[in-house]
Structure formats: structure tokens, C-alpha cells
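Novice: task: produce atomic coordinates for the following.
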Amino acid sequence: MQVLHLNPKNTTHYIIIHSQAMCLLRWKKLRFNRWEQNGIQLSSGENVTLHCQRVQLKKAVKDLYLSDEAGVHLYVSLLQTCINTKALAEGKRIHTHMLKTGFQPGLFMENKLVMMYVKCGSLEYARDVFDKMHERNVVSTNSLISGYCQNGRLEVARQLFDEMPERNVVSWNSMITGYVQNGRLENARELFDEMPERDVVSWNAMIAGYGQDGRVKEVSDMFSKMKRSGVDLNEFTFTSVISACSGVQDLPLGKQVHGKVIKTGFNSDVFVGNSLVTMYVSGRSTEDAQKVFDTISQRNVVSWNAMVSGYVHNEMMEDARQMFDKMPERNVVTWTTIIAGYVQTGCIENAQELFEKMPERNVVSWTAMISGYTQYGCGEKALELFLEMQRMGTRPNQATFSSILSACASCAAVKQGKLVHVGIIKTGLQSDVILWSSLVDMYAKCGNIYDALHAFRKMPERNVVSWNAMITGYAQHGFGKDALHLFEEMLQVGMKPNSITFVGVLSACRHAGLVDEGWRYFNSMEGEHCIARGEEHYACMVDLFGRAGRLDDAEDLIKKMPSKPDVIVWGALLGACRIHGNMELGEVAAKRILELEPKHTTAFVLLSNIYAATGRWADVARVRTIMKERGIRKEPGCSWIEVNNKKHAFLVGDRSHPETDEIYAALERLELQMRAEGYVPDTNAVLHDVEEEQKEKLLFYHSEKLAIAFGLISTPPRTSIQIIKNLRVCDDCHTIIKLISKIAVREIVVRDINRFHHFKNGHCSCSDYW
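Specialist: Residues are numbered from 1 along each chain as shown. Below is the predicted model:
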């Protein structure tokens, strides 16, 4: 390491040279403008300066190599333009020109070169110039320290700092700022406390660092000490302190700072005002935010966006829209904020209307709308928008891919999901753990449990969300033992489960009838894993007991709950009562549900089904009358199948499909073959007071049977068929689909409201337990 030689006389000399060069440049600028107007030919050296003024750097460098007038003033102009535009390639060419022409740069120009290389991100070249300097001053070292800090090379920066024979306040500030920006606040504070003198930058750096780290107490202490130190506060001081208060929602401290802002006259500053608006809206004090907004004399788009965002954050969409409509100018952030607000409050049509009017969109705008469609069950619209986004040339990001994978999962669009998978790989996001977890979830919900497992096993790393996705996938498909084995593997590798993990584990037990295992895992939650049991865990356990016919145990567990049972828990008990025909307990469960939610459709439907199964048709009629009076309608059963990238929907007894005749003919042929196999219709599933023959006709044309028949006549032999149903598959349909899988030699995957059924060779993956 060379010793720094600081010569005050030389330093003053170079300051004078720089001042003279700048005066010469300003004079030439005026002269060039006059000459251009009169059509006077400029010299190559004058052309260099003119091109620099116009930021035409390549032309300037080209003329430099043609000029014989190169000197300090030309090189200063060229290097400063490189610094401003971060033009490394041109900066190297200028440096090369100096070396080839034998130009002796001197300390001032060498510092300029170091600074140019630092600003252009080439620390190796900056260090090379620095090491070859015959003479250095504090400016030389400060530039290099700043560069190392910006690139996270703090140890090298600190070594340079420690070896400096003399430091100024900029040296200390550069090192402190480097520590702050890299999250090393203790090192920053240590240097700060050692500083012989501090300026406003020193204090601001520490306040900003503590604020970004959420350490509002240290922010407050530092702010108080700064005021006592006599250093003048500036707008950056206030914005840092206010931002810290905003981040931790410390409104009392924020109001104290606001008072100081007014006393010092910074209340008219737009940046300080914007910070105050953001702080108040973060603390849900929109009235105070509006008052501050009204006092900002020169508002910019950030000011308006802060207010719109505040109203959106507090779900005050009418106020947000009024503010949006009043804005003199809007940017893409404005539009995206208001659209996201409409999405969050369920006003998807308003969001769509504004989205279509947007003058320009970015990836955040597209993602907000795609996410909105996905959240509100419009998966197909989300997929259409995603395709449009790609056609428009907008590159998806992690959030976009995550949303569109959820859309694929919601509408079982596995083909599109696979294309998204390819897109993730092409975009270079294949190592993202969140997206891998979304892929596992998508494949599982699309019925491809083995593709889900393949994706899970290929993950470069896994977090608890990844494990939860695969465990829940196994549970949904009825592979209870596989889910439990995976849970044990999760524990063996040291991954700590969370509340959602146990929902998956208990769901796996209830779908597979693993009562003892479920009870053991349920009891292990609080004692072994320190995880509080919630409503969903109790609902799973009640359902597990109920499905197994242990209704007394289910009822007893409900009575022992630490909190009041919710609709989900009572619904699990009511569903079990329907399965086992326990009318008395079913009435109790239905009553509790309707006390909590008087218009709960499922409670009325299940209670009606219990009455119908025991032949209490008068009670069935009474329930249906109540439903009609309250405006409650039972959701009709509907099944979907996708053939050749087109979805086909069927209702019970549906005759609207163009191929209705072929579909019904296929079902009639199947009926003859199934009866030959011993099939007898289970008319208990028909909950209407009609003759037995009519019950059989109603039963045979359920929506899932029609969808499967269409799949059989529309797809190649021996290929698998997948359908989705919006309700639970009835007992008779379950029996028939098993027989069809055997007769037609097809694997049939049915996703109903509760789970997946994989039918193959006359058997179902649920083992008739669902």
C-alpha cells in the first residue's frame, strides 16, 4: 500500500485548473450556440465539447480521436459525461486515449478517472488507477471506499479507511453509509461514535439505518441527540424519522415529529409531506393524512398516490375513487393501486373496468388483475388475461406465476399449468421455492398427484409450505398413509410443522378412516409440537369420528372445545349425521349452524336430506318452504369435462349438449353391461317423494354420468378421463363409475367438492370411504 502524500499547494493548484476548465466550457457552450446558428464550422475539439453537452458520447469520443486539441478541459467534459451516463466502454476509450497520447493527468484528472470507474461499476480498473497514482489525496481514497461499500466489499473498504493518514467527514460518512446499506448497524454505530465531527449526512445515515431495521427507539434517541447537537435538520432527516414511524405504526412519535416539522418550516416540503401522509394512512388516520395532503403547496403524483393508497389500505374505496378522479396526472402506480383496492374489496367488475382503460400497464398491473380473477373463482378469465399479457410482451414475475398457477389449480387446467411450468423454467425462476410449492399444489389439485410428487422431489430446497402442499395433496387424493409417511419424513429432516401442516395430516386421516392415527396426531399438537389447536383441527377430528360412526365421541369433543364451535365444526357433525342417519343429533347441529348463519344453504340441504332418507316428507317440505321464504336456493349439481381444450358442462338430466343423443345412447349401452355385472340402482340417493321407477330415471342421469359418457365417446380408447363436480359424488354414481372404469378399461379421476376419486379396474382410491 502506497503512502498518501497530501500537498495542500498541489490540491489548490488542481482546484484552480478545474475552475478554469469549467469556466472555459461554459464560455464555449455560449459560443457554440451562436456559431451553430450562423453555420460556422467547428473544430474537432469544439465538436467534442458540443457532443458532451448533448450527451452524444460516442460521437464525442470519435471526435476526440480525430482531435489534436485534447487537454484538461476536454477530458473533464468527457469523463463527467461518462460518470453521468455510467458509460464504462467510452470511459475506457478516453483513458486509453490519454495513455496513447502521453497525456500527464495529474492528481485532479486521476481522481476523475477513479471516480469514473467507480460510478461505472468497474472497481478493478478504479483500483488499478488508484494503485498507480504517484500522489493521492483524501478525495482519491474516498471515491474508492464509496465504490467498495456500494458493492458490499466492506472489509476492503475498511482496510482503506483504516490506512488513511487523514480523513475528512466524507470519509467517515462513506464508511458509515456502507455499513448501513449492508445491514451492519453495530459497525456503523461504532464508527459514528468515534467521529471527530459529524454533519447532517452522518446523522441521517444512522437514523435511516435504524429506521429501515424497524428500531424505532434508536431512531427516536438518535433524532433527539441530533437536535441537541446543533446540526441543522433537513428534509432527509424528517423523511427518515417519519418513515421509521410509518414502518412500525408508531403514530404518537410520528405526531411529535410532525410538530417539529411545522416549527422548522419543512411542512411545505413535498417529500416531507408525502412521508407524513404515508405515516398517517399506515396508522389508519386518514383524516390527519388528508389534512397534511391539503397543506402540501406543490403536490406531485407521489402525494396523490399516497392518499389513494391510504384510502385503499383502509378499504374506503369511494374516497379512493374520488381522489383518483381528481388527480391532475396519474402514473401506472396510481392505476394499479386503485385496481388492487377493488380486487381486495371484491369489486372485480370495477377493477376490470379500470384495467381496460389503463393507458399503460406493467407486470404489477397485470398480476393484480390476474390475482383478482383467481381469488373470485374466475380462473378461466385469469388464464385468458395471462395469455394476453404475454402477447403484449410483458414478462411475468414470481407473483404472476404464483397467481396463474392458482388459477390453473382452481379450474383443473393441467395443460395450461404445464405450459406455465415451462415458462417458469425459461424465465430462470426454477429455483424459487414459492413457485415450486405452487407447482406441487397445482398438479395435486389438477388430479396429477404423481406429477405433484415428481415436482416435490425435484425441488432444490423445500420450506414448510412445500411440505404442506404435498401432504395436503396426498390427503385430497385419499392417500392417507402416504401423507403420514411424508409427515414423518418432514420431521426426520428437521422441518418444523405449523398449524396448516396438521390440517393436512388430519385431513389425510379423515379421508382414509385412520381414526387412531388422527387422534394421536391431534393430541401431539400442543404437547409435542407447541401448536395451538384451531377450529379447523377440531372440525377435522369431529369429521373423522363422525365418518367412523363414533358420533358420541364427535359430540363429546365439541363440548370440550376451549372456544365456541363455529359453522365448520357443526357442519362436520351434521355431515356425519347425514351419512349415518342420526336425525336427532343432526337437528341439533343444523340448529347451531343456523343460529350462527341463518342463510347457510348446506345446513338446510343436509337437514332436508336426513328427513328424506327417513321418509319424513312433511319435514322435507317444511325445510324447503323455509328456504324459499328466506330466498335460499340449493346449488344444482354440475359436472365439467375438458376435451380438445374445450370445457363441457352438464346438469342433471341435461339435454342441451349438441351430442345429447350419442351421450344418452352410450349411457343406455353401459346400463345393460352394468346390470349384467350385477348393478342395482341405489335409490336412497334420490331425495324426492316419487315412485321407485322415477327415482331410477332421475338417478341414472346425474351430471357426472353424463360427463363421463361424453368423455367415453369423445376421447381415444383406454385414455384417462377427468371430471370436476361441484357437489359430493352420491353413492350410486360412485358405484357406477367403478363399474364403468372396469367395463371401458379407463382410469377415471373425479374431483368433487371434498376430494379426488381415482377409479381404475372397478376400484376407487377411497376404498369406498368418503
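Novice: on the three-state scheme, residue 724 is what?
Specialist: strand (DSSP: H, G, I helix; E, B strand; the rest coil).
Novice: that one contacts residue 647, doesn't it?
Specialist: No. Using Cβ atoms under 8 Å, residue 724 and residue 647 do not qualify as a contacting pair, with a distance of 9.3 Å. Quick note: C-beta positions are derived from backbone N, CA and C, even for glycine.
Novice: overlap of the contact sets of the two?
Specialist: Counting by Cβ atoms under 8 Å, 6 or more residues apart in numbering, the common neighbours of residue 724 and residue 647 are 640, 641.
Novice: so these two - more neighbours on which side?
Specialist: Neighbour count, other Cβ atoms under 10 Å: between residue 724 and residue 647, residue 724 has more, with 23 against 13.
Novice: how about the helices in the stretch 451-600 of the chain?
Specialist: 464-476, 480-492, 499-512, 515-528, 535-547, 551-559, 567-580, 583-596 (DSSP state H, counting those that start in this stretch).
Novice: likewise for the stretch 201-350 of the chain?
Specialist: 216-229, 235-248, 251-264, 270-282, 286-295, 301-313, 317-326, 332-344, 348-357.
Novice: stretch 554-572: end-to-end distance?
Specialist: One end of stretch 554-572 sits 9 Å from the other (Cα to Cα, to the nearest Å).
Novice: one more: stretch 454-467?
Specialist: 13 Å.
Novice: do stretch 370-381 as well
Specialist: 8 Å.
Novice: with stretch 308-323 instead?
Specialist: 6 Å.
Novice: contact partners of that stretch?
Specialist: 277-278, 280-282, 284, 286, 289, 304, 307, 324, 327, 334, 337-338, 340-342, 344-345, 347, 350.
Novice: residue 311 and residue 284, how far apart?
Specialist: Going from residue 311 to residue 284 by Cβ to Cβ, to the nearest Å gives 11 Å.
Novice: these two: which is more packed in?
Specialist: residue 311 (24 against 13).
Novice: gap between that one and residue 331?
Specialist: Distance from residue 311 to residue 331, by Cβ to Cβ: 17 Å.
Novice: isn't residue 338 right up against residue 327?
Specialist: No. Residue 338 sits out of contact with residue 327 when judged by Cβ under 8 Å, with a separation of 10.0 Å.
Novice: between these two, point out the one with more neighbours.
Specialist: Counted by other Cβ under 10 Å, residue 338 and residue 327 do not tie: residue 338 has more neighbours, with 27 against 16.
Novice: quick one, what contacts residue 529?
Specialist: 496, 497, 502.
Novice: look up phi and psi at the spatially closest residue to the second one that is not a sequence neighbour.
Specialist: What it means is residue 497. In space, and not counting its chain neighbours, residue 497 is closest to residue 529: 6.1 Å by Cβ to Cβ, 6 or more residues apart in numbering. Main-chain dihedrals, residue 529, degrees, to the nearest 10: phi -110, psi 0.
Novice: just the pLDDT at residue 48, thanks.
Specialist: The model reports residue 48 with a pLDDT of 85.
Novice: how much space separates the residue nearest to residue 449 when sequence neighbours are not counted from residue 483?
Specialist: The shortest distance from residue 449 to any non-neighbouring residue, by Cβ to Cβ, 6+ apart, is to residue 477 (4.7 Å). As for residue 477, its distance to residue 483 is 9 Å (criterion: Cβ to Cβ).
Novice: again with residue 368
Specialist: 34 Å.
Novice: would you map the strands across this protein?
Specialist: Using DSSP state E, the strands assigned to the chain run over residues 638-643, 646-651, 721-725, 748-751, 756-760, 763-764.
Novice: burial measure for the nearest residue to residue 503 once chain neighbours are set aside, as a count.
Specialist: Distances taken as Cβ to Cβ, 6+ apart place residue 536 nearest to residue 503, at 5.1 Å, with adjacent residues excluded. For residue 536, the count of nearby residues is 18 (other Cβ under 10 Å).
Novice: pLDDT wise, what is the residue lying closest to residue 415 once chain neighbours are set aside at?
Specialist: Distances taken as Cβ to Cβ, 6+ apart place residue 645 nearest to residue 415, at 7.0 Å, with adjacent residues excluded. With respect to pLDDT, residue 645 scores 82.
Novice: for the closest residue to residue 365 other than its chain neighbours, list the residues it contacts.
Specialist: Computed as Cβ to Cβ, 6+ apart, the closest residue to residue 365 that is not its neighbour in sequence is residue 336, at 4.6 Å. Taking Cβ under 8 Å, 6+ apart as the contact definition, residue 336 lies against 362, 364, 365, 368.
Novice: what's the separation between residue 336 and residue 496?
Specialist: 36 Å.
Novice: could you report the neighbour count for residue 191?
Specialist: Neighbours around residue 191, by other Cβ under 10 Å: 18.
Novice: wait, it sits on residue 177?
Specialist: No. If you go by Cβ under 8 Å, residue 191 and residue 177 don't touch, sitting 10.3 Å apart.
Novice: ok, and the helix or strand in this protein with the lowest average confidence?
Specialist: Ranked by mean pLDDT, DSSP states H and E, the weakest helix or strand in the chain is helix 8-38, scoring a mean of 43.
Novice: surely residue 243 and residue 211 touch.
Specialist: Yes. Residue 243 is within contact range of residue 211, at 5.6 Å (criterion: Cβ under 8 Å).
Novice: of those two, which one has the most company?
Specialist: Neighbours per residue (other Cβ under 10 Å) separate residue 243 from residue 211, with residue 211 holding more: 24 against 19.
Novice: mind listing what's buried in stretch 420-436?
Specialist: 420, 421, 423, 424, 427, 429, 432, 434, 435, 436 (16 or more other Cβ atoms under 10 Å).
Novice: apologies, that question was intended for stretch 639-646.
Specialist: 639, 640, 641, 642.
Novice: I'd like the distance between residue 139 and residue 332.
Specialist: Taking Cβ to Cβ, one finds residue 139 at 40 Å from residue 332.
Novice: which one of those two has more residues nearby?
Specialist: Neighbour tally, residue 139 and residue 332, criterion other Cβ under 10 Å: the higher count belongs to residue 139, 19 against 14.
Novice: what sits closest to the more buried one if chain neighbours are left out?
Specialist: Leaving out its chain neighbours, the residue that sits closest to residue 139 by Cβ to Cβ, 6+ apart is residue 111, at 5.0 Å.
Novice: from residue 641, how far off is the one you found?
Specialist: Taking Cβ to Cβ, one finds residue 111 at 74 Å from residue 641.
Novice: my guess is residue 219 meets residue 211, correct?
Specialist: Yes. Residue 219 is within contact range of residue 211, at 5.1 Å (criterion: Cβ under 8 Å).
Novice: next, show the common contact partners of those two.
Specialist: By Cβ under 8 Å, 6+ apart, the residues touching both residue 219 and residue 211 are 240, 241, 244.
Novice: how about these in a markdown table, adding neighbour count?
Specialist: A markdown table is the format used below for the shared contacts of residue 219 and residue 211 (neighbours: other Cβ atoms under 10 Å):
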| residue | neighbour count |
| --- | --- |
| 240 | 23 |
| 241 | 31 |
| 244 | 31 |
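Novice: and which of those residues is nearest to residue 656?
Specialist: Of all these, residue 244 has the smallest distance to residue 656: 62.5 Å, by Cβ to Cβ.
Novice: nearest residue to the closest one other than its sequence neighbours?
Specialist: That would be residue 211: by Cβ to Cβ, 6+ apart, it lies 3.1 Å from residue 244.
Novice: again with residue 481
Specialist: Looking at residue 481 with Cβ to Cβ, 6+ apart, the closest residue is residue 512, at 6.7 Å.
Novice: most surrounded residue in the contacts of residue 336?
Specialist: residue 368 (25 neighbours).
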